[in-house]
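Asker: Give me coordinates for this.
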Amino acid sequence: MAITVQNFIKLANLYNQMTMVMSAICVQKGGIAIENYVGRFFMADVLEYISEYGRRLLDDKKMTVPADVANVIQKFQSQYEMVKDLTTPTQKPLYEMTLEEFERVMNI
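Answerer: Numbering: from 1, shown residues only. Modelled structure (predicted):
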């Protein structure tokens, strides 16, 4: 996937939709706290990916990032800092792996 502002917006929308679904699941399961929901680990991994995607978008000097998108990137990065201890540990971050490395880690 090419790193573009449009793709970042799609990822941000995906994350926001997933948080709404996660909240609904917590309510459906009897009102459990989000901190106790097992899906929070997956959401932390997704947030890590989106945060890194946004960082790379800002670092790309060929790309012009609108101010409102830059603010959203900063919000995702600050949210990630709060949950980074929940992410899946790896030798190498998922977003830096080649396809072969990813397949090996996932036993595909």
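Asker: Going by neighbour count, which residues of the longest helix along the chain are buried?
Answerer: Identified as the longest helix of the chain according to DSSP state H is helix 5-28. For helix 5-28, burial by neighbour count (16 or more other Cβ atoms under 10 Å) applies to 5, 8, 11, 12, 15, 22, 26. Quick note: C-beta positions are derived from backbone N, CA and C, even for glycine.
Asker: Residue 101 - how many residues pack around it?
Answerer: Under the neighbour criterion other Cβ atoms under 10 Å, residue 101 is assigned a count of 14.
Asker: Name the nearest residue to it, sequence neighbours excluded.
Answerer: residue 92 (6.8 Å; Cβ to Cβ, 6 or more residues apart in numbering).
Asker: What is the neighbour count of the one you found?
Answerer: 11.
Asker: what's the answer for residue 55, then?
Answerer: Neighbour number of residue 55 under other Cβ under 10 Å is 15.
Asker: who touches the residue nearest the centre of the chain in this structure?
Answerer: Nearest to the geometric centre of the chain sits residue 47, at 2.2 Å (Cα atoms, centre = their mean). Residue 47 makes contact with 15, 76, 79, 80, 83 under the criterion Cβ atoms under 8 Å, 6 or more residues apart in numbering.
Asker: pLDDT score assigned to the residue nearest to residue 29 when sequence neighbours are not counted?
Answerer: What sits nearest to residue 29 in space, not counting adjacent residues and going by Cβ to Cβ, 6+ apart, is residue 37, at 7.8 Å. On pLDDT, residue 37 comes in at 90.
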